[in-house]
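Peer 1: For reference, the sequence and a predicted model appear below.
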Amino acid sequence: MVLGNDRVISKGPVIVLGLAAVLLLLDDAGAASHWADRDLVALALALVIGGTALGVVLRAARPTAAPAIQWRALAHGLAVSAVATALALIGAEAATRWLYRDITTTADDRGYFSHRWQQAELKLNSHGFRDREFPTAKPPGHFRVAVLGDSFAYGNGVRADQRFSDVMRGALPPQVEVLNFGVPGHNTPELVTELRTNVSRFAPDFALVQWFVNDVEGDGRQRPHYQPLLPLPTAHEWLHDSSALYTLFDTWWTRRQVAGLSSESYVGYMRGRFENSQGEPVRVDRAALRALVAEARRQHVEVGMVLFPDTAYDLGDSYPFEFLHARVRDFCDENRLTCIDLRPDFAAVRDRQSLWANRLDTHPGALANSIAATRILQTFEPLWLLSSQVPAHVQ
């Protein structure tokens, strides 16, 4: 039987290991740092399985001398090809899922891993938020802190109890309630609407606004678009949601585009659109921030802000989005708001990837959330305790 031919079986791994080497050579040093050794093993293993099947198919489809038997051999080869390809894909998919069993989400909050995590982890309360159940009416004598933000506040890729809001709640007395209203994808304009139409029902006393770099983008429609690995929308969406292997290759392909092979980099896009402080996009963003503060003050709600840096980039002097952080800090000063910038705190962590939700998702992980909670409590806890009339020594 063809499967017993050692010479044929050995050809597949040689071919695919060469392909894996080409992929690694294409990956620049910065992108390669996103991948642990096991990621490279998983990729090579998947390719080895597929390459071995390819070698079997090529051998099985080799025609014989007799013309009548040639067609029969070709048909046999095609059948073997279909079976071998299916088995190779199933084996590669299973191997990838096992090697990446610790992955919760990917940075875009989509794909197989995020879909699996959402099904297993996400639990929403009766108000539609990822938080414990809490009554609409504020209990007498309680002080409510409403956390507003995007997927960082929501806790993409981490357990609910690891989020900075939940860590803070555990350190505060019961009279100081921390309610999490984070919604993935929300930027500043959506926060204004959320505060006006929904959060106000819960009578918060303080609004803690979680800010991230992409909040300045508004609806994000002008963001660079990257071509999917498979240029068939329906098939791409299905594979992205259903296949760990496809999600990994599509992530790699997107990263290659971000690196500049075929698309404008995100840093270049952000600088081109927002670096000019007098430009229209900057004026729109400042107007949205002013509207958020005005709405909070209309409801007699105090406001504070906490700025999360983009840990996908070096947080030292070369950090590319410092100009955005500085602009928000200036806004806070102008509007008499207390603003916490977490960039120095995160920059002090030697292993930047330890701040991530996982090695494929740069959302804040447990360590980053813990650091954020500590800074927030150091800054705001005395004010909250005083406002709630809870003695400072009651912890």
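Peer 2: On my side now, so go ahead. Numbering: from 1, shown residues only.

Peer 1: Now do the contacts for the residue nearest the centre of the chain.
Peer 2: Geometric centre of the chain, nearest residue: residue 107, 2.3 Å, by Cα atoms, centre = their mean. Each residue near residue 107 by Cβ atoms under 8 Å, 6 or more residues apart in numbering is listed here: 312, 360, 361, 362, 363. Every C-beta, even on glycine, is put in place using the N, C-alpha and C of the backbone.

Peer 1: Flag the least confident of the residues you listed.
Peer 2: Looking at these by pLDDT, the weakest one is residue 360, with 89.

Peer 1: so that one touches residue 110, yeah?
Peer 2: No - with contact defined as Cβ atoms under 8 Å, residue 360 does not reach residue 110; the gap is 11.9 Å.

Peer 1: quick one: which of the two has more around it?
Peer 2: Between residue 360 and residue 110, counted using other Cβ atoms under 10 Å, the more crowded position is residue 360 (23 against 16).

Peer 1: quick one: that one and residue 333, what's the gap?
Peer 2: Using Cβ to Cβ, to the nearest Å, residue 360 is found at 37 Å from residue 333.

Peer 1: Could you pick out which of the contacts of residue 107 are located in strands?
Peer 2: Per DSSP state E, strands hold the following members of the contacts of residue 107: 361, 362, 363.

Peer 1: right, and the first one touches residue 110 too?
Peer 2: No - the pair residue 361 / residue 110 is not scored as a contact, 11.1 Å apart, by Cβ under 8 Å.

Peer 1: hey, what's in contact with both of those two?
Peer 2: The overlap between the contact sets of residue 361 and residue 110 (Cβ under 8 Å, 6+ apart) is empty.

Peer 1: Pull the distance from the longest helix along the chain to the chain's centre.
Peer 2: Longest helix of the chain, by residue count under DSSP state H: helix 67-99. With Cα atoms, centre = their mean, to the nearest Å as the basis, helix 67-99 stands 35 Å off its chain's centre.

Peer 1: just stretch 92-109 next, same as before
Peer 2: Counting by Cα atoms, centre = their mean, stretch 92-109 comes out at 14 Å from the chain centroid.

Peer 1: Show the end-to-end separation of it, please.
Peer 2: 23 Å (Cα to Cα, to the nearest Å).

Peer 1: All further residue positions should be reported with the first residue as 46.
Peer 2: Sure, I'll start numbering at 46, so the last one becomes stretch 137-154.

Peer 1: Could you list the domains of this protein?
Peer 2: 47-144, 156-266+309-432 (automatic domain parsing).

Peer 1: For residue 298, which of those domains is the nearest?
Peer 2: domain 47-144 (10.4 Å; Cβ to Cβ).

Peer 1: Need the mean per-residue confidence for the closest one.
Peer 2: Here domain 47-144 scores 58 as its mean pLDDT.

Peer 1: next one: stretch 363-381
Peer 2: 97.

Peer 1: quick one: buried residues of stretch 391-401?
Peer 2: Going by neighbour count (16 or more other Cβ atoms under 10 Å), the buried part of stretch 391-401 is 391, 392, 397, 400, 401.

Peer 1: List the contacts of the third one.
Peer 2: Shown in contact with residue 397 (Cβ under 8 Å, 6+ apart): 356, 359, 360, 391.

Peer 1: All the helices of the stretch 246-395 of the chain, residue numbers only.
Peer 2: 278-287, 289-303, 311-319, 325-343, 367-379, 388-392 (DSSP state H, counting those that start in this stretch).

Peer 1: residues in contact with residue 155?
Peer 2: By Cβ under 8 Å, 6+ apart, the residues touching residue 155 are 285, 286.

Peer 1: how close does it get to residue 125?
Peer 2: 35 Å.

Peer 1: repeat for residue 162
Peer 2: Here residue 162 is placed at a distance of 37 Å from residue 125 (Cβ to Cβ).

Peer 1: Low-confidence regions, the stretch 296-440 of the chain specifically.
Peer 2: Across the stretch 296-440 of the chain, residues meeting the criterion (pLDDT under 70) sit at 303-309, 434-440.

Peer 1: do that again at 80, thanks
Peer 2: The stretch 296-440 of the chain contains residues with pLDDT under 80 at 297, 299-310, 433-440.

Peer 1: Count the neighbours of residue 185 for me.
Peer 2: 6.

Peer 1: would you turn the helices of the stretch 246-395 of the chain into CSV with distance to residue 116?
Peer 2: Formatted as CSV, those follow (distance: least, Cβ to Cβ, whole Å):
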stretch, distance to residue 116
helix 278-287, 32
helix 289-303, 34
helix 311-319, 54
helix 325-343, 64
helix 367-379, 66
helix 388-392, 65
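
Peer 1: most tightly surrounded among those helices?
Peer 2: Comparing the helices of the stretch 246-395 of the chain by mean neighbour count (mean count of other Cβ atoms under 10 Å), helix 289-303 ranks first with a mean of 20.

Peer 1: and residue 222, which of the three is it?
Peer 2: Three-state call for residue 222 (DSSP: H, G, I helix; E, B strand; the rest coil): strand.
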